[in-house]
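Student: How does the following fold in three dimensions:
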Amino acid sequence: MRQEVIISDITVVGGGLAGVSAAVAAARLGRSVSLIQNRPVLGGNSSSEVRVWVCGATAHGTNRYARETGIMGELFLENQYRNIDGNPYIWDMVLLETVRAEPNIRLFLNTDVHEVEADGDTDNRVIRSVTGWMMGSEQRIRFESGMFLDCSGDGLVGFLAGAKHRIGREAREEYNEDWAPPVADDITLGSTMFFYTKDAGHQVKFIPPSFAKDITKTTIPMTRVIRSGDNGCAYWWIEWGGEMDTVLDNERIRDELWAVIYGLWDYIKNSGNFNANNMTLEWVGSIPGKREYRRFIGDYMLNQNDIVAQREFEDGVAFGGWSIDLHPPQGMYSTESGSKHLHADGVYHIPFRSLYSVNVNNLIMAGRNISASHVAFGTTRVMATCAVIGEAAGTGAALCAEKGVVPRELYQTHLRELQQTLLHQGASIIGLRNDDVTDLARSAKLKASSTLTQLVVEKPIETYPLASDTGLLLPVDPELNGIALFVDAAENTTLELELWDTGRGENYVPHTKQLATLTPVTKGTGQHVIVNLHWKPTTPQNAFLVVKANERLALHLSDESQFGVLSFAKGPRPVVSPDLGDHQPSQPVVQWNMRPFNRKPICFRLLSPTQAYAADKVIDGYHRPFAGPHLWSSASLRKDSPEWLELNWPAPVSIRTVHITFNDDVNEDLINLHHHRTTFEVIPELVKDYLVQIDVDGEWITVAEGRDNRKRRVVHSLERLVTSNRLRVVVEATNGCPRAEIFEIRVYE
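Tutor: Purely as a prediction, here's the structure:
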């Protein structure tokens, strides 16, 4: 046996998406990082060992412009390119390569941390080291750091260090949460295992093992959806252990999950109720995917009311958007629905104070163990949200290490720097602007080869009957002065249209009705019906137009999508839980559904010009949509005439580094495994080929370029400092979009 001591600035325990993101974030800021994972692969529940798909703020396309950026966004895009079919082993590889690309990270796989050295009294603890055993190598390794991140999910490091925590559900009155039980208890969400099947092309028999459960003697066939062709996360409801201790009883829970999986497969194969003669088991999980265990107490406990109200925090550092998603304690044996969901009107905000321990001074948490009530945890627990929390935690740890402060002091005295560092690195804090005083681009004047000023979608491919209310969201900057809709009318009738605002910049649902119009329509097809309406808000924002249902009318759809414009169909009011009877809460993000219009918007033409895509949007401080698109878009893009965007300073500046953020359409729902398959490997809106040029003595000199780009954010560090008063980005090609689109340009000395 060998004993070793590893000293680094930061130790991250846990190699799930929270830990990976935390380690990469800290390493990119120049800190030395030890990343410790007790499994042979990274990814935690998303890895090939468990195979849970990575969900986040998009909520499977329910939320709009909500996909994560930063490190999680990079992983989504890279996996999309390499692994469009969702092979879990390739996802493992994407994660491993991302970590190995960072020279400041030392990765320790198969290393189980089970000892923590900490001192101090109950309310003022400090971790000195953690010790782990590297399985298979007979190495005992002690890790010493100034900062420790518990990204272990179960929270073992914090627990051994004496960090205050909770297990189970809080009482309703503690945070005034109506989804909490009347009395506190120790119930948690259960654990899950999955299985994969395939068609063998010939008849395959299945003899169940002796421990397989006869599921016909349970409520499962009556209360859960069972199909022979389903795989993996389609069986998310195979869950058990919520009334037990999901850690101490892990082995018993695994055995019960195995018994149900093999019993379920016996039922599918041998009951005669399914067409499964040629189906065989390809893979069965062996590690329960835990949903919940310890939740640490920080300086702030995020709760249900914060989520539903989308509360803004001064120390917001991350965001989520998954529903509050809670499951019955009995799991798969419950006669209730397998889950109930409550959505806010859009994405919500997560404060830094929920990411550090209230009593262990150098402990930061990331992932499902952050400071959140059980109800709020119902949404923060999903993995893409854990990843953006991890990036915020790793960035905070790096700044703590750099400045020699503890997280609470970082919050109190360096909050702005923490938030601006996250934005600088490409992460998103919804609604927060870049105000980096060292960014030279902010003082430049902008001009472009062309700019999209006429907002129009007019290439019809199919009709859409106006059987229900239909929505059209578009930017209003500075005003809306009439719109033409492409309409078929079966007879003379009236087109009724309402204009609503969205209330908040991060929301994309109707909030307050501003005006309504009635427009006569004569019988005929392919008509441009002009609707006279005028709205000039005090600040640029989105308008939500509601075209009221009319069975005599049909709209036209196009296959040419326009960024910043969304279309919706209004469905029935969603049922959150049958237990609520007639008192179902409103969930407009669910009721107004985008899915029928994915890359097929309603045909329309604005009758007044727009400034929503002006060149100066790239320096307005935003790098994703918020109350408008916030990007520059060219009018068009032709092979014989590249589009360009120019920054011009009144006096020469010294240029060394250029950051460019391209449009990667954060409205497109991506996922790492098999939930759905897109038709493209690279987001079409992404710029593919481009040049960065600087004016030197009146001549444009190319100082950097990108070919076959598939990334949202690129950083070019020049070989030498260049002094000039003009810089431009020349777009030669995109990955499919007919326009050049750029969110942000930053320039540094």
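
Student: Hmm, Trp649 and Leu446 touching each other?
Tutor: No - Leu446 lies out of contact with Trp649 (Cβ atoms under 8 Å); the separation is 10.9 Å. C-beta: built from backbone N, CA, C; applies to glycine.

Student: Identify all contacting residues around the one helix or strand Val260 maps to.
Tutor: Secondary structure from DSSP states H and E places Val260 in helix 250-270. Applying Cβ atoms under 8 Å, 6 or more residues apart in numbering, the contact partners of helix 250-270 are 190-193, 195, 197, 205-206, 208-209, 211-216, 220-221, 226, 228, 235, 238, 240-241, 244, 246, 273-274, 276, 279, 281, 284-288, 290, 332.

Student: Report the buried residues of stretch 485-502.
Tutor: Using 16 or more other Cβ atoms under 10 Å as the test for burial, stretch 485-502 gives 485-489, 493, 495-502.

Student: And those residues, which is closest to Ser145?
Tutor: Checking the buried residues of stretch 485-502 against Ser145 by Cβ to Cβ gives Thr502 as the nearest, at 44.6 Å.

Student: got a pLDDT number for that closest one?
Tutor: On the pLDDT scale, Thr502 is placed at 98.

Student: Give me the distance between it and Leu415.
Tutor: For Thr502, the distance to Leu415 (Cβ to Cβ, to the nearest Å) stands at 28 Å.

Student: Report the buried members of the contacts of helix 250-270.
Tutor: Buried by 16+ other Cβ under 10 Å: 190-193, 195, 197, 208, 212-213, 215, 220, 226, 228, 235, 238, 240-241, 244, 246, 276, 279, 285, 288, 290, 332, out of the contacts of helix 250-270.

Student: among those, which are in helices?
Tutor: Ile220 (DSSP state H).

Student: For stretch 246-253, buried residues please.
Tutor: For stretch 246-253, burial by neighbour count (16+ other Cβ under 10 Å) applies to Thr246, Val247, Asp249, Asn250, Ile253.

Student: now stretch 395-407
Tutor: For stretch 395-407, the neighbour count (16+ other Cβ under 10 Å) marks Thr395, Gly396, Ala397, Ala398, Leu399, Cys400, Ala401, Glu402, Val405, Val406, Pro407 as buried.

Student: Just put those residues in a markdown table and tack on secondary structure, distance to Arg726 and pLDDT.
Tutor: As requested, these are exported to a markdown table (DSSP: H, G, I helix; E, B strand; the rest coil; distance: Cβ to Cβ, whole Å; pLDDT from 0 to 100):
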| residue | secondary structure | distance to Arg726 | pLDDT |
| --- | --- | --- | --- |
| Thr395 | helix | 33 | 98 |
| Gly396 | helix | 38 | 98 |
| Ala397 | helix | 40 | 98 |
| Ala398 | helix | 35 | 98 |
| Leu399 | helix | 34 | 98 |
| Cys400 | helix | 40 | 98 |
| Ala401 | helix | 39 | 98 |
| Glu402 | helix | 35 | 98 |
| Val405 | coil | 41 | 98 |
| Val406 | coil | 45 | 98 |
| Pro407 | helix | 43 | 98 |
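
Student: Would you point out the most distant pair within these?
Tutor: Thr395 and Val406 (15.2 Å).

Student: Alpha carbons only: can I get the helix holding Val260 in PDB?
Tutor: C-alpha atoms of helix 250-270 as PDB (Å, rounded to 0.1, in the frame of the first residue of the first chain):
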ATOM      1  CA  ASN A 250     -28.700   1.400  -0.700                       C
ATOM      2  CA  GLU A 251     -28.000  -2.400  -1.100                       C
ATOM      3  CA  ARG A 252     -31.600  -3.300  -0.200                       C
ATOM      4  CA  ILE A 253     -32.900  -0.700  -2.600                       C
ATOM      5  CA  ARG A 254     -30.800  -2.000  -5.400                       C
ATOM      6  CA  ASP A 255     -32.000  -5.500  -4.900                       C
ATOM      7  CA  GLU A 256     -35.700  -4.400  -5.000                       C
ATOM      8  CA  LEU A 257     -35.100  -2.400  -8.100                       C
ATOM      9  CA  TRP A 258     -33.400  -5.400  -9.800                       C
ATOM     10  CA  ALA A 259     -36.300  -7.600  -8.700                       C
ATOM     11  CA  VAL A 260     -38.800  -5.200 -10.400                       C
ATOM     12  CA  ILE A 261     -36.700  -4.700 -13.600                       C
ATOM     13  CA  TYR A 262     -36.400  -8.400 -14.200                       C
ATOM     14  CA  GLY A 263     -40.000  -8.900 -13.200                       C
ATOM     15  CA  LEU A 264     -41.100  -6.200 -15.500                       C
ATOM     16  CA  TRP A 265     -39.100  -7.700 -18.400                       C
ATOM     17  CA  ASP A 266     -40.700 -11.100 -17.600                       C
ATOM     18  CA  TYR A 267     -44.100  -9.400 -17.900                       C
ATOM     19  CA  ILE A 268     -43.200  -7.800 -21.200                       C
ATOM     20  CA  LYS A 269     -41.700 -10.900 -22.700                       C
ATOM     21  CA  ASN A 270     -43.900 -13.700 -21.400                       C
END
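
Student: buried ones in that helix?
Tutor: Neighbour-count burial for helix 250-270, counted by 16+ other Cβ under 10 Å, picks out 250, 253-254, 256-269.

Student: Can you give the distance of that helix from its chain's centre?
Tutor: 32 Å (Cα atoms, centre = their mean, to the nearest Å).

Student: again with stretch 126-134
Tutor: So, by Cα atoms, centre = their mean, the centroid of stretch 126-134 is 32 Å from its chain's centroid.

Student: Show the average pLDDT along it.
Tutor: 98.

Student: buried stuff in the strand ranked longest in the chain?
Tutor: For the chain, the longest strand by residue count, based on DSSP state E, is strand 713-734. By neighbour count on 16+ other Cβ under 10 Å, the buried set for strand 713-734 is 713-714, 722, 724, 726-734.
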